[in-house]
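>>> below are the sequence and a predicted model for it; my questions follow.
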Amino acid sequence: MATDQKFKYFVITYPQEYVAHVEINRPDKMNAFHEEMWLEMRTVFDLLSTSSSVRAIVLSGAGEKAFTTGLDVKAASQGILFSPSDSDTARHATTLRRHIVEFQDCISAIERCEKPVIAAIHGYALGLAVDIATAADVRLSAADTRFAVKEVDIGLAADIGTLSRLPKVVGNYGWVKDVALTARIFGAEEALRVGLVSGVYENKEKTVKAALDLAALIASKSPVAVQGTKELLNWSRDHSVQDGLRYTGVWNSAALQTNDIQSAIFSQMQKKKPTFEKL
């Protein structure tokens, strides 16, 4: 298996070949995050990113109530934001900036992960949940999901990824400003309509199953092709078309030399399921 390492706040299982299922595991607190959790999550995705036994990942929340309700406000009230400082403003700001950057990096570990990540979302998905979901590659939702970009309700602008990624995911700045400025709750059908999620399912169980089925399908493809596709899509999202074409040309000048192309073509000709070496 990819890793036998045990984690305090995350459970990793391997329900199908080359598929990892990561569960946020703090259901008694509705999977709310504190600092130890987001640091641990970075470790989880960094490990899975380089595991040759994993080709696709499903991320979900344990319990029936929430994917995650976001930041654990009680824990945050005892952290750096509320800690008195003897430093001058510039020095205290430097400390805060370093803290924010590390927090951002922990969430970006999902996007940075070489393997596609599918978020299976249910129940409450508030604040940090949207940061996490938009860092994933594909999002599926249960019909009961209640989303919110919640940060303005606690006196801050979302700073861990939502304001940067959500507009690019849905392609609609007006709608993003609506939900980000009001912190209003919106449901799964609205999320589907604007393109935040790719599918809505009856309940959590069916959402997770759909995510695992999708992960298994992705995992059956060439890992060279899949990981290259994720890399090139993410690069092209943040660069011009010409930059994307140039980077793709450089990338594929190496990737096209894989044996996977020959295996895939011959398997199609022979009407057989291809198999690919680990990457």
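Looks like it arrived, so ask away.
>>> show me the shaky parts of the stretch 51-200 of the chain.
Counting by pLDDT under 70, the stretch 51-200 of the chain contains low-confidence ranges at 79-83.
>>> what about the strands in it?
Secondary structure of the stretch 51-200 of the chain (DSSP state E, counting those that start in this stretch): strands at 56-61, 66-68, 117-121, 124-126, 138-142, 146-148, 186-187, 199-201.
>>> longest helix in the chain, by residue count?
In terms of residue count, the longest helix belonging to the chain (DSSP state H) is helix 89-112.
>>> sort out which residues of that one are buried, please.
The neighbour-count check on helix 89-112 (16 or more other C-beta atoms under 10 Å) flags Phe103, Gln104, Cys106, Ile107, Ser108, Ala109, Ile110, Glu111 as buried. In short, each C-beta sits where N, CA and C put it, glycine included.
>>> show me the one of the strands of the stretch 51-200 of the chain that comes nearest Ala32.
Distances from Ala32 to each of these were compared by C-beta to C-beta, and the smallest falls on strand 66-68, at 6.4 Å.
>>> helices or strands up against that closest one?
When contacts are defined as 3 or more C-beta pairs under 8 Å, 6 or more residues apart in numbering; DSSP states H and E, strand 66-68 packs onto strand 56-61, strand 124-126, helix 128-135.
>>> which of the buried residues of helix 89-112 lies closest to Thr182?
Comparing every one of the buried residues of helix 89-112 with Thr182 (C-beta to C-beta), the shortest separation belongs to Ile107, at 22.7 Å.
>>> hang on, isn't that closest one packed against Ile132?
Yes: with contacts defined as C-beta atoms under 8 Å, Ile107 counts as touching Ile132 at a distance of 6.1 Å.
>>> tell me the phi and psi of the residue in the chain sticking out farthest from the centre?
When each C-alpha in the chain is compared with the mean C-alpha position (C-alpha atoms, centre = their mean), Asp86 comes out farthest, at 37.2 Å. Per-residue torsions, Asp86: phi -90, psi 0 (degrees, to the nearest 10).
>>> what about it, distance to Ala56?
Separation of Asp86 from Ala56 (C-beta to C-beta, to the nearest Å) stands at 49 Å.
>>> do the same with Val250
25 Å.
>>> Leu39: what secondary structure?
When classified by DSSP: H, G, I helix; E, B strand; the rest coil, Leu39 comes out as helix.
>>> oh, that last question was meant for Lys271, not what I typed.
The assignment at Lys271 comes out as coil when based on three-state DSSP.
>>> counting neighbours, what do you get for it?
Here the neighbour count serves as a burial measure; for Lys271 (other C-beta atoms under 10 Å) it reads 6.
>>> fine by me, thanks again.
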